[in-house]
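*Asks:* Dropping a prediction and its sequence here:
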Amino acid sequence: MLEKALKGSYYYWGWLVLLLGVIGIAFLAYLYQFFEGLKITGMSRDVSWGFYIGQFTYLVGVAASGVMVILPYYLHDYKAFGRITILGEFLAVAAITMCLLFIMVDLGNLPRLLNVILYPNPTSILFWDMIVLNVYLLLNIIIGWNVLSAERKGMHYPNWVTPLIYISIPWAFSIHTVTAFLYAGLPGRHYWLTAIMAARFLASAFCSGPAILILLCYIVRAVTRFEPGREQIRTLAGIVTYAMILNVFFLLLEVFTAFYSQIPGHMETFVYLFRGLEGHAKMVPWMWTSAFFMLVSLVLLIVPAFRRTEKILVLGCLSVFIATWIDKGLGLVVGGFIPNPLNKVVEYWPTIPEVIISLGVWASGLFVLSVLYKIAVSVKEEAA
Amino acid sequence: MMGINRREFLKIAGWSALLGAGGKTAFELLAPGEAEALLQPTPLKAKQWAMAIDFTKMDEEVMGAAIRACHRLYNVPDMGNPKVELKWIWKETYEHTFPTQENEYIAEQFHHHNFLVLCNHCTNPPCCRACPTKATWRREDGIVMMDMHRCIGCRFCMAACPFGARSFNWGDPRQAPKELNPDFPTNPDLPTRSKGVVEKCQFCAERLAKGQIPACVEAANAVKTEAMFFGDLTVKDSPVRKALRTRYSIRRKPELGTGPNVYYII
Amino acid sequence: MYDKGKILGGLLIGIVLLLFPVYYNAGRAAKAPERVLTEKAKAAKQCVEDLAYMKAQHMKILDEWRQEVVRQDTRYYKSSDGKTYFKSLQLTCMECHSNKTKFCDQCHNYMGVAPYCWDCHIAPKENG
């Protein structure tokens, strides 16, 4: 089926070449980082994880969201989603690819990457994250490819795929739970040390992922002859709505515990993020933007008339994307390190090389996504 | 003082007797290299190494001596920029050493005064749980050790440490500013690190193997006697236990359950 | 054949690129390694193990040493002729072979091998 990715319009090839160009420039930036060291990023002794890990965390959420299409279809026989399961699975593949790339560019000693496999440490959550993420990637590739392949031949997919599909459902929940465990078990980081971290992660994953999926469906509808389906998009929108409500609710729960208890350790990071601490306030405009768009998204999604109007739904999904991306891709990771274990405030901001490398990773993910979607859409156009 | 143990003593006594008695004959009985093996320094051993720092003896001179001894012995350069700084042992004020002991009205001798902080070599270290490659692990003698050959630079241990004890080589430490490090490397007998690995205090594991106490303790005590204590927590009359038995001591963030083994006698 | 032009053209470019090292270095032979032993090394007659063993296994010895020293705190090595050595690249190996550029680097450069030991371990100072 790969040959389907090799035949396309000038726009298709132009888009791929553009992505390759971004990847090329970012690769050069990465070489600079490889030889100079991570000092070229904005990270420091006190904020030792930054933009790369923030993006990784956000994208694990997007990857997990494939389950929001798979689960209703396979467990509850919601036939309509059968049209777009492949889009969810391929989005997961692209997202996990980006996750793995972000980890790789963040490592201080990338040539030693295999040490995680050669000298595993089962008490390390990073070890388990590596396992669950790679297995999930494999699951989605195998399932997606075989189901699509069967659809192309007008057959039912082979029976051995079925148990894999059922495994992928709890597995999707596990990848984001394990990623949350990276943060939620560290005794010295009070912003992260909360039982609700995994639940928050899942809630924000299940609104940001499907929101991106809806936007992708609109793009697919606009540039191809494949119609993802009005009912499908409507149901997805409902899922995004409930997930966003939960997401905001969980955030408010955290705010309550922090500010009603008045315990400094719980409050300080929130104060830093939303008001500024000791004169340091780089994140404040960003966090309030995120909060604003969370509110906007709630309005645009909850009101049925808005949610059912395509153009407004697009705005709603964009709001979800902006809000969750800032909250998880920036606020979460940076916030955990501020104030530092000695109660000092040391700020972080990504540098230009850091952003260029990140754009390169995003471009790589978009490249994978474009190629896979081209294949999927071509097969579905044929079958139609 | 970790002395020679009974077995070692008998071994040496026996050989000396043989040498004395047999002279040349006895010498020929020794296998080649055995003599050298016997001359190996006796390492200091323990079940749980710990350190006690007497705050009442700490002044800028004592702390400076300790920090200098450590950083010079292990080629820890002054990077000149807090963003990328490397420090294995350094000074923090009371407020930052014990942030959960907020006390606006604390006695003047503590207020804004400097403490010596370093890796606590915790008994229950979260950093060791976090490391995906066991590049950092807790030895049987309690030392939380670093394996620079294995570290992949993921910095998970730095996120896990509740004490900010770990430093990362954001760039090549050998490129540290020459004006700040004119005689770098200060110790050609030990390696530096390379970019991309995490480093921290290791309770002078190399010195302990040679029967010597950590450099910071030795240097501090050379300025003021009994400024720092080092010994085995499980040995009732080790220097550390003796110091802790008679004076009040606190540790950093004990409520987190990591079991820090650096005590501050205040 | 279909696409004859593209195939033959691509094949030609591929071969040109593949054979690049051959014609780039044509007519030049890399200088054979000349290992120079220091006076101290000559006087010792034998390294930690005999010459053949060291030639074949010194990397393995060093790898085992670094694991054993750092991870097991076992710092002394008993060689096959009964001698005891302190396991240290800087303090044992380089004590005899202090002329790294005239000894270690000779073969390493010839073979195109660049061990990263020296990123951390301090190479001995050489005069001239």
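*Replies:* Happy to help now that I have it.
*Asks:* gap between the two ends of stretch B:202-216?
*Replies:* 12 Å (C-alpha to C-alpha, to the nearest Å).
*Asks:* nearest spatial neighbour of C:Cys47, skipping sequence neighbours?
*Replies:* Using C-beta to C-beta, 6 or more residues apart in numbering or on different chains and skipping the chain neighbours, the partner closest in space to C:Cys47 is C:Met54 (4.8 Å). Placement of C-beta: from N, CA and C, glycine included.
*Asks:* no, scratch that, I was asking about A:Gly365
*Replies:* A:Met98 (3.6 Å).
*Asks:* Just the pLDDT for A:Asn115.
*Replies:* Confidence at A:Asn115, expressed as pLDDT, is 96.
*Asks:* tally of neighbours for the residue nearest to A:Gly365?
*Replies:* 26 (other C-beta atoms under 10 Å in any protein chain shown).
*Asks:* Give me the residue at the spatial middle of chain B.
*Replies:* B:Phe203 (1.8 Å; C-alpha atoms, centre = their mean).
*Asks:* hmm, I was thinking of chain C
*Replies:* C:His108 (3.9 Å).
*Asks:* Around chain B, pick out the residues from chain C.
*Replies:* Taking C-beta under 8 Å from any C-beta of the partner chain as the measure of proximity, chain C contacts chain B at C:66-67, C:70-71, C:73, C:75-76, C:78-79, C:81-84, C:90-91, C:116, C:119-122, C:124-125.
*Asks:* Just the buried ones from these?
*Replies:* C:66, C:70-71, C:73, C:75, C:79, C:83-84, C:90, C:119-122 (16 or more other C-beta atoms under 10 Å in any protein chain shown).
*Asks:* I'd like the average pLDDT over stretch B:45-53.
*Replies:* Mean predicted confidence for stretch B:45-53 is 96.
*Asks:* Also stretch A:8-19?
*Replies:* 95.
*Asks:* sorry, back to before: can you tell me which two in the buried ones among the residues of chain C next to chain B are farthest apart?
*Replies:* C:Lys83 and C:Asp119 (29.9 Å; C-beta to C-beta).
*Asks:* mind listing what the nearest residue to A:Asp106 once chain neighbours are set aside touches?
*Replies:* Counting by C-beta to C-beta, 6+ apart, A:Tyr52 is the residue found nearest to A:Asp106 once chain neighbours are left out, at 3.9 Å. Neighbouring residues of A:Tyr52 by C-beta atoms under 8 Å, 6 or more residues apart in numbering or on different chains: A:41, A:102-103, A:105-106, A:354, A:357-358.
*Asks:* thinking again about what came up before, from the buried ones among the residues of chain C next to chain B, which land in strands?
*Replies:* C:Thr84 (DSSP state E).
*Asks:* Which ones among the buried ones among the residues of chain C next to chain B map onto helices?
*Replies:* C:66, C:70-71, C:119-120 (DSSP state H).
*Asks:* what kind of secondary structure is whatever residue of the stretch 151-266 of chain B ends up closest to chain A in?
*Replies:* Closest contact between the stretch 151-266 of chain B and chain A, by C-beta to the nearest C-beta, is at B:Gly153 (1.9 Å). At B:Gly153 the chain is in coil, as set by DSSP: H, G, I helix; E, B strand; the rest coil.
*Asks:* likewise B:Trp137?
*Replies:* B:Trp137 - assigned by three-state DSSP - is strand.
*Asks:* Tell me the pLDDT of the closest residue to it other than its chain neighbours.
*Replies:* With C-beta to C-beta, 6+ apart as the criterion, B:Trp137 has its nearest non-adjacent residue at 5.2 Å, and that residue is B:Cys128. The per-residue pLDDT reported for B:Cys128 equals 97.
*Asks:* what do you get for B:Leu29?
*Replies:* pLDDT, B:Leu29: 46.
*Asks:* Give me the nearest residue to the residue of chain C found nearest chain A, chain neighbours excluded.
*Replies:* The minimum distance from chain C to chain A, using C-beta to the nearest C-beta, falls at C:Tyr116 (8.7 Å). Excluding the flanking residues, the one nearest C:Tyr116 by C-beta to C-beta, 6+ apart is B:Ser194, at 7.3 Å.
*Asks:* Tell me where the model's unsure across chain C.
*Replies:* C:128 (pLDDT under 70).
*Asks:* Can you show me the helices along it?
*Replies:* C:4-18, C:20-24, C:39-44, C:51-72, C:94-96, C:104-111, C:117-120.
*Asks:* JSON lines please, covering those and showing distance to A:Ala195.
*Replies:* Formatted as JSON lines, the helices of chain C follow (distance: least, C-beta to C-beta, whole Å):
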{"stretch": "helix C:4-18", "distance to A:Ala195": "58"}
{"stretch": "helix C:20-24", "distance to A:Ala195": "60"}
{"stretch": "helix C:39-44", "distance to A:Ala195": "63"}
{"stretch": "helix C:51-72", "distance to A:Ala195": "36"}
{"stretch": "helix C:94-96", "distance to A:Ala195": "54"}
{"stretch": "helix C:104-111", "distance to A:Ala195": "54"}
{"stretch": "helix C:117-120", "distance to A:Ala195": "41"}
